[in-house]
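Quick one, what's the 3D model for this:
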Amino acid sequence: MSDELALLPGYLAAHLELTLVALGVGTALSVPAGILITRRRAFEAPLLGLASVIQTIPSLALLAMMVPALALASAWLEPRLGISLPAIGALPALVALTLYATLPILRNTVVGIAGVDPAVIEAARGVGMSGREQLLRVELPLALPSVHVQSLQPRAELAQGPVSRAEVLEPDQVVGARVAVEEPRLCGCRE
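Sure thing, here's the model as predicted:
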C-alpha cells in the first residue's frame, strides 16, 4: 500500500500538468477566435456552433474518437513530415481537454469584449489609440474578468472528469481513474 501511495504525487502532478496545458492551449486558441468573432460577426455562428457541438460529445466518446483520428493523422504525417503522433496516451486526453475548454473561453471572450462600454471605446479612439491599442489596452483588460472567472475556473474544475477518463486509454498515466480503481483496495474495503 505504501508503494502505491508513493506513486500518488507523480500521478497528481501529471494530472494537473495535463489540465493546465489543455487550459493554456484552449485559451491560446479561444481568445484570438473570440477577438475574431467580435471583429467579424460572420465567424460567430460557425465557430460558436462548432465549439457547442464538441461540448455535447461525452468525454469518453471524445477520447475514443481521438484514437482513430490521431492514428489517421499520424499515418498521413509520418511519410510526409516524419512526424508520428501517439494515438493512445496523454495526447488524446490533451486534445479532448483542449476541445472541451474552447466553448466557455470563446463564448466569454466574445461576451466580455462585446460588453465593454462603447463610451470607453470612444474615449480610447478620442485619445488617438489605434484599433490594436484599443484592443490590447482597453477591451481585453476590461473583458479579462469575464474570461477568467466565468471560463477558466469552471473549466479547470470540469476538466478533472475527462482527465480521469483518459485512464481508460492509457493505464497508469493519469491519477483520477487510478485513484477510483485503487481506492477500495487502499482503504481496506476489498483485498
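
what packs against the helix or strand hosting T38?
Using DSSP states H and E, T38 falls within helix 2-39. Counting contacts by 3 or more Cβ pairs under 8 Å, 6 or more residues apart in numbering; DSSP states H and E, helix 2-39 is packed against helix 44-56, helix 90-114, helix 140-147, helix 153-158, helix 160-165, helix 175-186. For glycine as for every other residue, the C-beta is placed from the backbone atoms N, C-alpha and C.

So for stretch 122-138, what gets flagged as buried?
Buried residues in stretch 122-138, counted by 16 or more other Cβ atoms under 10 Å: A124, M129, Q134, L135, V138.

and the angle for the helix holding T38 with helix 140-147?
Angle of helix 2-39 versus helix 140-147, following axes from the mean of the first three to the mean of the last three Cα atoms, to 10 degrees, is 130 degrees.

now helix 2-39 against helix 44-56, angle please.
Going by the same axes, to 10 degrees, helix 2-39 makes 160 degrees with helix 44-56.

So which bits of helix 2-39 are buried?
Here helix 2-39 shows 11, 14-15, 18-19, 22-23, 25-27, 29-31, 33-38 as buried, counting by 16+ other Cβ under 10 Å.

Using PDB, write out the CA atom coordinates for the one helix or strand M65 maps to.
Using DSSP H and E, M65 sits in helix 59-81. Output of helix 59-81 as PDB, limited to C-alpha atoms (Å, rounded to 0.1, in the frame of the first residue of the first chain):
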ATOM      1  CA  SER A  59     -15.900  12.800 -22.700                       C
ATOM      2  CA  LEU A  60     -15.300   9.100 -23.000                       C
ATOM      3  CA  ALA A  61     -16.700   9.100 -26.600                       C
ATOM      4  CA  LEU A  62     -14.500  12.100 -27.500                       C
ATOM      5  CA  LEU A  63     -11.400  10.300 -26.100                       C
ATOM      6  CA  ALA A  64     -12.400   7.200 -28.100                       C
ATOM      7  CA  MET A  65     -12.800   9.300 -31.200                       C
ATOM      8  CA  MET A  66      -9.200  10.700 -30.700                       C
ATOM      9  CA  VAL A  67      -7.700   7.200 -31.100                       C
ATOM     10  CA  PRO A  68      -8.600   6.700 -34.800                       C
ATOM     11  CA  ALA A  69      -8.300  10.400 -35.600                       C
ATOM     12  CA  LEU A  70      -4.700  10.600 -34.300                       C
ATOM     13  CA  ALA A  71      -3.900   7.300 -35.900                       C
ATOM     14  CA  LEU A  72      -5.000   8.700 -39.200                       C
ATOM     15  CA  ALA A  73      -3.200  11.900 -38.700                       C
ATOM     16  CA  SER A  74       0.000  10.000 -37.800                       C
ATOM     17  CA  ALA A  75      -0.400   7.800 -40.900                       C
ATOM     18  CA  TRP A  76      -0.700  10.900 -43.100                       C
ATOM     19  CA  LEU A  77       2.100  12.900 -41.300                       C
ATOM     20  CA  GLU A  78       4.700  10.300 -40.900                       C
ATOM     21  CA  PRO A  79       5.600   9.600 -44.600                       C
ATOM     22  CA  ARG A  80       5.300  13.300 -45.500                       C
ATOM     23  CA  LEU A  81       7.000  15.100 -42.500                       C
END
